[in-house]
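S.K.: test case, fold it:
(one chain, ligands or ions: 1)
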Amino acid sequence: MTGINRQWVLKQRPNGPIGPDNFEMVDALVPDVGPGQALVENLYLAMDPAIRNFLNDNGGYAAPIAISAPIRGMILGRVRASGAADICVGDLVWGFGTWSDYSLAPVAGLIPIPHPQGDLADYLHRRGTIGLTAHYGIFDIAQVKPGDQVLISGAAGAVGSLAGQMARLAGATRVVGIAGGARKCARVVEDYGFDACIDYKAEDDISTQMRTQMPQGVDVYFDNVGGKILEAAIGQLSDDGRVAICGMISGYDERSAQPGPSNLWNLVVHSALIRGFRVTSILGNRPLVAAKLAQIDTWIDQGALRADYDVRHGLDAVPAAFASLFDGSNDGRLLVQLR
Ligand SMILES: NC(=O)c1ccc[n+]([C@@H]2O[C@H](COP(=O)([O-])OP(=O)(O)OC[C@H]3O[C@@H](n4cnc5c(N)ncnc54)[C@H](OP(=O)(O)O)[C@@H]3O)[C@@H](O)[C@H]2O)c1
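M.R.: Got it, this is the predicted structure:
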């Protein structure tokens, strides 16, 4: 294929909150595919908070994105050229690409969608990494069991809203969310079926709110935000409590490492476990991924797993869309639709 491939590249590393000055859109040529690669025409780009870590020079758990290099991210699109036998021109795929019109991607990082069900965007939400993250965190890491009292931060967001619904499906007797603002808290309860939601932006002390909502203590804390909310949740753990660290978005804009919780002794007091996890560590295990996605499909068919989207339109919308993850102005799974 020939033509222009518009792509967002890293212009300068952020020093604090992310902004439009950190990115630049450049024109490149549509690349040729090599062996083991596919050229994907991007239909959707996913805005994932983890990308913020890769913009720093230490990169977090993946290599930092170099200055002037395309921004990496999850994409969904249609294969336009293929250098591998198992991915064909015309196939729909989701996986690892770049914030651009076309992604040149190793096929090992692409998952085909042979028989799309429902809305395509769902493959970047419930039927993709977000659903898998929530499932892996709730069932494998936190091991939620019937009778558990579960607390979830980022509860109005993509991962958190699914994690809360899955905790209920796992048999939790009380599921309490944490979100920013009264409107989001109302959605957590009314739309996602949590028993209650704590507004961490309210003036009331967060630990007091946790004690009020979970007087018997927290058996499982599923953490999306880190920082002071993590510390407060550790303070409320019950015996044999489990903390699953999914993300720490409250610290992603910070240039230096943030101090850890001051109350880790509470893990000793309550024989509690704390464990971080990454969905990327299971994506290569195709049988496990297939089993989890099959269960998610069943829940979707049963109407047991609600998902909401915040879809922005056009490649130009990317910088502002990405920034809204960090000021809380996104309203559901944040995607940019290109076509
Ligand atoms: N471990 C993994 O494999 C994995 C995979 C995917 C995502 N994640 C992590 O999961 C978390 C949620 O990701 P998502 O894609 O579902 O995003 P999301 O929750 O849909 O959107 C991000 C939300 O984070 C909240 N937030 C932003 N800054 C905050 C702060 N300083 N303190 C508290 N909350 C803040 C905002 O909600 P409020 O308006 O409620 O503040 C914002 O809407 C992130 O930490 C992400 O890195 C981890």
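
S.K.: can you list the helices and strands that the helix or strand encompassing Ser207 packs against?
M.R.: Ser207 is located in helix 206-213, with elements delineated by DSSP states H and E. With contacts taken as 3 or more Cβ pairs under 8 Å, 6 or more residues apart in numbering; DSSP states H and E, helix 206-213 sits against strand 174-179, strand 196-199, helix 227-234. No exception for glycine: its C-beta is placed from N, CA and C like everyone else's.

S.K.: now do it: distance to the chain's middle.
M.R.: Centroid displacement of helix 206-213 relative to its chain, using Cα atoms, centre = their mean, to the nearest Å, is 26 Å.

S.K.: next, the angle from it to helix 227-234.
M.R.: Between the axes of helix 206-213 and helix 227-234, defined by axes from the mean of the first three to the mean of the last three Cα atoms, to 10 degrees, the angle is 40 degrees.

S.K.: picking up where we left off before, and the helices and strands packed on helix 206-213: which comes nearest Ile51?
M.R.: Taking Cβ to Cβ, helix 227-234 is the member of the helices and strands packed on helix 206-213 nearest to Ile51, at 19.4 Å.

S.K.: can you give me the buried ones in that closest one?
M.R.: 227, 229-234 (16 or more other Cβ atoms under 10 Å).

S.K.: so Asp57 touches Asn15, yeah?
M.R.: No. Between Asp57 and Asn15 there is no contact under Cβ atoms under 8 Å: 11.0 Å.

S.K.: what about the helix or strand just after the helix holding Ser207, average pLDDT?
M.R.: Next along the chain after helix 206-213, taking DSSP H and E as the criterion, comes strand 218-223. For strand 218-223, mean pLDDT rounds to 98.

S.K.: which helices and strands sit right next to strand 218-223?
M.R.: strand 149-153, helix 158-169, helix 227-234, strand 237-245.

S.K.: in the chain, mark out all the helices, start to finish.
M.R.: 51-54, 129-135, 158-169, 182-190, 206-213, 227-234, 265-269, 286-301, 318-327 (DSSP state H).

S.K.: tell me the average confidence for the last one?
M.R.: Along helix 318-327, the predicted confidence averages to a pLDDT of 97.

S.K.: thinking again about what came up before, in CSV, list the helices of the chain along with distance to His115.
M.R.: Converted to CSV, the helices of the chain look like this (distance: least, Cβ to Cβ, whole Å):
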stretch, distance to His115
helix 51-54, 29
helix 129-135, 17
helix 158-169, 22
helix 182-190, 32
helix 206-213, 42
helix 227-234, 40
helix 265-269, 45
helix 286-301, 11
helix 318-327, 29
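
S.K.: spatially nearest residue to Leu10, not counting backbone neighbours?
M.R.: Residue nearest to Leu10 in three dimensions, not counting chain neighbours: Ile65, with 5.0 Å by Cβ to Cβ, 6 or more residues apart in numbering.

S.K.: wait, what's in contact with that neighbour?
M.R.: 10, 54-55, 59, 71-72 (Cβ atoms under 8 Å, 6 or more residues apart in numbering).

S.K.: Gly332 is in contact with Arg312, correct?
M.R.: No. Using Cβ under 8 Å, Arg312 is not in contact with Gly332; the gap is 11.5 Å.
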